[in-house]
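>>> Please find the sequence and the predicted model below.
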Amino acid sequence: MRMILAIFAMLAAGNLMAAPPDGISRELARQRATQISDLRYHLRFTLTPHTRSISGHEDLQFHSRFSGPLLLDFRDGTAANLIVNGVPVPAKMDHGHLQLPVHAMHRGENKVSMDFTAPVATAGKAVTRFEDQDDNTEYLYTLFVPMDADMAFPCFDQPDLKGRFHLELTAPENWTAISNAAIKSQSPAGPGQRLTVFSETRPISTYLFAFAAGPFRKVRETPGLPGLYVRQSKFMRAEQEAPEVQQITAQGIDYLSSFFAQPFPFPKYDMVMIPGLAYGGMEHAGATFLREESVLFRIAPTRSDHLNRDILLLHELTHQWFGDLTTMRWFDDLWLKEGFAQYMAFHALASLKPGENIWKRFYQSIKPAAYSIDSTKGTTPIYQNIANLQDAKSAYGAVVYSKAPGVIKQLAFVLGEEDFRASLRLYLKEHAYANAEWSDLVHSFERVSGKTLQEWAAMWIRHRGMPQIDVVWSCDSQNRIDHFSLTQHDVLGEGGVWPVGMQVLFEYTDRAPSHIHTELNTERAELQEVIAKPCPQYVFLNDQDYAYGRFLLDERSRQAVIERLGGVSDVFERTLLWGSLWDAIREADLAPRDFVELALRLLPDETDEALAQNLIGHVTIGLHRYVNQSVRAEIVPRAETLASDLMLHSANQDLRIIWFRGLRAIVESALGRTQLKDLLTGKLTVPGMDPRPLDRWTMVTALIALNDSEADALYAAEQKRDNTGDGQKYAYMAQAAHPESASKGRYFDDYLHNSSRPEDWIEQSLGSFNYWNQSGLALPYLKPALEALPQIKRERKIFFVLGWLNAFIGGQQSAAAQAQVHEFLSTAALDKDLQLKILEVSDELDRTVKIRQRYP
Ligand SMILES: [Zn+2]
């Protein structure tokens, strides 16, 4: 066995040595996982302010099962003084790898050491510098997921080679350093410098190793509560928010430890707020990084904003078990960590805040994104084949963040809560501090529940797309159901039958509603059990949102729902029914004008803030994308008046805030613009709401985009009022909406060629560049934006490509733009993952064109 293994490995390695692959191929990863174990990284970094690189020294120790050459991953930096087992060897970089030559390698223990440097920049590197304009300080932080650790130091950058990290940082003495483990010691290290030594970590993957350093301050340090760090200029703001953040996190730790029957897996837990972090959060083991803007709200927050923050905190916290303790073997199983973190965040919050209707919020924040990707030709299975880690960024998106938790919810419904929980406990116990694959999880579910899930997994994990479930029913002259059948079809028309578990609602005017559980595992089924039941007013197939799929109302039910919707007292049901009507709009099966009119009629009585916010969003999309100009011109003044009225007079502050946002989104007429201007100058105030800087800047942005004659003056006034670091970013965002072609040209050039422009500035300004009324001005940039995709994929963080496409394609509504996108798709030589992303995003443009043609 050993012999065969060794020969295989030498052959594989020989190949690799001949031509090291770009990136990290699955073959390279498998070969190294076979060869290496007991990995330890001893890393020393020297952090010097205002420099373009950091220097470091690395001592690497590992056990090799056989002696053979080996590739270390290292891109972008320089390495020197490479010593392998006491033998100096040339530090030869090749295609992002450092070669450890066969003659120097041992079977058994190996020691490798070297000096290295790695780049630091404000964007586009693994070590990012943030310059705080408010107090002229500087912060450095790492962000390695999915495969950028090898831009910062030489390593085996694959998730299934977990190592113990021993980190030492030399930095200015007034800096605070945070990493995965607790600080072991600190000592002076030359003039003005201090050495911070961290304890060794437990085994963790390279993408979960991290540090942040700068004049951070620890907020509201309380024994027993997780640590929370913020840059010094935001200390006072953070003090206000800290109690809520620390409390929900501490409650989450208790809840999840007990749910998983596993104590918190690492010796400590800190959260570090990073301004402009590319993601909402990143779950480094023991040291989650959070986007500062997601915690310290830049706009006047509603209750929903607070609950969304809870979800973010619980999501990153769940990863400490699901992702950090037990890690996917390879990024094709990304859903294992993301799907569960998302699902468990809601699960935990539903238990911690039982009065908040959390599963309704799950439907609102998870399902639309899932269904909208899954009904496009750009969708993928939950399990995504990743041949090389350099394509791993493409695996991130709605399929793992939204579809996977939706499918997990359905599975928990079918298995029952107890078996579901017992399976997760078994899975985490068996793979603690190690790696696992999706099939390991499915086996746990099967072992615990006694159910066979192979068919389930084949369709929900390995197959792309989703079913649409339809119902046909009728009643006899006695007013009893005499026919009730369910059918399913693949929305992409690629063939497929899914096992779907659901709860069906029968709603009546004269009696309490009834519900039945059913599973549809075939293309068609008669529901005998409901025959002879009283004839309902309407039926809805996905009551409580347990199932995953498209559920449109049948014609009879739709009419009844439209008549009765305002009177549906259960807010979850009301939300689901509205959702189903909106799905009908997107299927071009219901006139957008009818939906907008219905929403405007019922919104004044809608007391649920989250639902009202959804509906305002749909009305805005309906007006800006789906109806024609004359319908919009007729409706907008009414919508503005309604928004303004409810912004000023709603009884509830959250409603006043969302109507303020609604007014800003819908506004177009001179009268509406005057209201925004009055809000900016203080002539008009929203009772109980104190607009925050970003609230103000988005009003300025709208006025610039709408070419208001006072926009320039208001912009200048706002710049004077808010010249903070954030203010400069928002000013950049506002000017991107300037309705003038030379300005668009300058911005576009900046996006692609200004390497010092922080990524979050660009991200934040893309929507303004493509403001809803500027499709004509933005159209010349559609093709160049598509042509830039390979560059963007290479240089930007994970979610940037999608944000970019959504802005540039989503800013268009015409058949001409649609033709350009499809022409590009059919002629450009593109990576498969980029093709899929374009197909995903252009689906909305296709729908828009179709809706406008059908309802001119
Ligand atoms: Zn996550």
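Thanks, I have it.

>>> So the residue nearest to Thr724 when sequence neighbours are not counted versus the ion, what's the distance?
Using CB to CB, 6 or more residues apart in numbering and skipping the chain neighbours, the partner closest in space to Thr724 is Asp134 (5.4 Å). C-beta coordinates here come from the backbone N, C-alpha and C atoms, glycine included. As defined by CB to the ion, to the nearest Å, Asp134 lies at a distance of 30 Å from the ion.

>>> quick one: contacts for Asp134?
233, 724-725 (CB atoms under 8 Å, 6 or more residues apart in numbering).

>>> Quick check: it is in a strand.
No: Asp134: not assigned to a strand; according to DSSP: H, G, I helix; E, B strand; the rest coil it is coil.

>>> Which pLDDT value does the model give it?
pLDDT recorded at Asp134 is 94.

>>> Next, it: phi, psi?
Torsion angles at Asp134 (phi, psi; degrees, to the nearest 10) stand at phi -70, psi -30.

>>> Please report the distance of the closest residue to the ion within the stretch 401-550 of the chain from Asp831.
Nearest residue of the stretch 401-550 of the chain to the ion: Tyr401, at 7.5 Å (CB to the ion). According to CB to CB, to the nearest Å, Tyr401 and Asp831 sit 21 Å apart.

>>> of those two, who's got more company?
Just comparing Tyr401 and Asp831: by other CB atoms under 10 Å the higher neighbour count belongs to Tyr401, 21 against 14.

>>> The more buried one reaches Phe340, doesn't it?
No: with contact defined as CB atoms under 8 Å, Tyr401 and Phe340 do not form a contacting pair (11.2 Å).

>>> Next, find the distance separating Asn628 from Leu581.
From Asn628 to Leu581 the distance is 20 Å (CB to CB).

>>> more neighbours, the two?
Leu581 (22 against 12).

>>> any idea which element the more buried one lies in?
Leu581 is part of helix 571-586, with elements assigned from DSSP states H and E.

>>> Packing partners of that helix?
helix 358-374, strand 538-540, helix 555-564, helix 592-602, helix 609-621, helix 832-854 (3 or more CB pairs under 8 Å, 6 or more residues apart in numbering; DSSP states H and E).

>>> Ranking those by mean neighbour count, which comes first?
Most buried of the helices and strands packed on helix 571-586 by mean neighbour count (mean count of other CB atoms under 10 Å) is strand 538-540; its value is a mean of 23.

>>> Ramachandran angles for Gly493?
According to degrees, to the nearest 10, Gly493 has phi 70, psi 30.

>>> Just to check, Val312 is in contact with Tyr279?
Not quite, residue 312 is Leu, not Val. No: contact criterion CB under 8 Å: Leu312 and Tyr279 do not qualify, at 9.8 Å.

>>> The ion contacts on the chain?
Within the chain, the positions lying close to the ion (CB under 5 Å from the ion) are 338, 341.

>>> Swap in 8 Å and give it another go.
279, 281-283, 315-316, 319, 323, 337-338, 341-342, 401 (CB under 8 Å from the ion).

>>> after the longest helix along the chain comes which helix or strand?
In the chain, taking DSSP state H as the definition, the longest helix is helix 235-260. Sequence order places strand 270-274 as the next helix or strand after helix 235-260, per DSSP H and E.

>>> so which residue of the stretch 1-150 of the chain comes closest to the ion?
For the stretch 1-150 of the chain, CB to the ion, closest residue to the ion: Val145, 9.3 Å.

>>> so what's that residue up against?
207-208, 282, 798.

>>> Before we move on, what's the pLDDT of whichever residue of the stretch 751-856 of the chain sits closest to the ion?
For the stretch 751-856 of the chain and the ion, the shortest gap (CB to the ion) falls at Ile798, measuring 10.8 Å. At Ile798, the pLDDT value in this model is 82.
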